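Visitor: fold the following.
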Amino acid sequence: MARKELSPFAPDRWIREMNRKYPSLWADLRKGYADPVRILHPKTGGKELLASVPDWCIMPTLFPFLVLTNKYGEHFYLTHMDELMTMASTYIWRCSKGVYRFAPEIYQALVRQPLSGDLPQECLYHMPEWAVYIETPGLSYERIPMEGFIAHLDYNLFSRGVDLQFAIFRKGIDQPKMIALPLGGGTLVDAMDRVEQVDDMFVPHLTDTRYVGGRDEYRQTFSAMIQLLLYICSDEPDMPEIEHPQKRKRLSGGVRAPEEPRVWDVGVRISAAIRRFNGRPSVAPVAFEDRVATGSHASPRPHVRSAHWHTYWTGPRDALFPLRKPVMRWIPPLPIGMDWKGELPTNIRVVGG
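Guide: Numbering: from 1, shown residues only. A predicted model of the protein is given here:
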């Protein structure tokens, strides 16, 4: 019988490493989170911390600290801090094992697009799965080429706030680099600013070492990552319909995790349209006076508009999130005034690695 080929994706490689070092890790986390009173020592205060976790949070990033220090001793976290930080993100991704692979043209348009200051954080609650893994060809972190990143929302047990957690996988390094963006209030740009404010307040002497290559490179990388994530969270993205792992819950509360990763092609049809229109003669924007009036409105001649986000809000004006929530759509760099949507080819779904 032929030996089964191992998954080549970076999160799966890290899962295999965790299985080697901690054979019962995932069962310990699942049982501990299902019955924290039984597994956590009363003096840790873990029960009280977990009482405030909202339903959307599958497992707080700090929960493995409680379980593993209870099992191996209070000082375990001092020597295994980096590993402990990765466990919850990996556990959540295991529930679905979704790998998101962007077509080249839409990928380049997104990563090159500036992160504007008016993108609402609430859009991140529209992820198709609890955690997603996005491949990132050409991106780097700390000047090391990236393979991709896991992203998910996290409830911070200490601050009682919501963080956007990134597990960044770099080539040649199995262990992911964990970075959290505290969301708080405001926009996604505000969240990136808060990371720098915390660094300036507590560890200003680490500025030269934390930001390898400078803060501009750091912000460019995170801007690109957030743009890719936002597209997956946007309204009507160009990708197959994905079943949320919530629908695979058993009566016991557990989730039937897939054995193999599921690869989802993103932006195949839009990228094909971008390629076709890039091959045509360029169409320049037109001045207002050159527009053709139709009734009381003016319609522009066919032209190309830069890629951008369009955000609108739904729900009562005086309501708060989630009764009033933002919906985002990404407008690709395609000609305006041309029927490009009618020319989109069939979307492609690839399952397996």
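
Visitor: what about the helices in the chain?
Guide: Ranges of helices in the chain, per DSSP state H, are 10-21, 25-34, 36-39, 46-50, 63-72, 76-94, 104-111, 188-202, 207-210, 215-233, 268-278.

Visitor: what helices and strands are in contact with the last one?
Guide: Contact analysis of helix 268-278 by 3 or more CB pairs under 8 Å, 6 or more residues apart in numbering; DSSP states H and E lists helix 104-111 as its packing neighbours. (Glycine included, C-beta is placed from N, CA and C.)

Visitor: other residues contacting the helix it packs on?
Guide: By CB atoms under 8 Å, 6 or more residues apart in numbering, the residues outside helix 104-111 that reach it are 102, 137-139, 224, 227-228, 231, 238, 266-267, 270-271, 274-275, 278, 307, 330, 332-333.

Visitor: rewinding a little: could you dump the helices of the chain into TSV and include mean neighbour count?
Guide: Conversion of the helices of the chain to TSV gives the following (neighbours: other CB atoms under 10 Å):
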stretch	mean neighbour count
helix 10-21	17
helix 25-34	17
helix 36-39	13
helix 46-50	17
helix 63-72	21
helix 76-94	19
helix 104-111	20
helix 188-202	15
helix 207-210	11
helix 215-233	20
helix 268-278	19
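
Visitor: what's the closest of the ones you listed to residue 127?
Guide: Comparison of the helices of the chain against residue 127 by CB to CB identifies helix 215-233 as nearest, at 5.6 Å.

Visitor: elements contacting that closest one?
Guide: Using 3+ CB pairs under 8 Å, 6+ apart, helix 215-233 sits against strand 98-102, helix 104-111, strand 132-135, strand 144-155, helix 188-202, strand 325-331.

Visitor: mean confidence (pLDDT) on the fifth one, please.
Guide: Read it as helix 188-202. The pLDDT scores in helix 188-202 average 69.

Visitor: can you put the helices and strands packed on helix 215-233 in JSON lines and add distance to residue 85?
Guide: Below are the helices and strands packed on helix 215-233 laid out as JSON lines (distance: least, CB to CB, whole Å):
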{"stretch": "strand 98-102", "distance to residue 85": "21"}
{"stretch": "helix 104-111", "distance to residue 85": "26"}
{"stretch": "strand 132-135", "distance to residue 85": "17"}
{"stretch": "strand 144-155", "distance to residue 85": "11"}
{"stretch": "helix 188-202", "distance to residue 85": "16"}
{"stretch": "strand 325-331", "distance to residue 85": "29"}
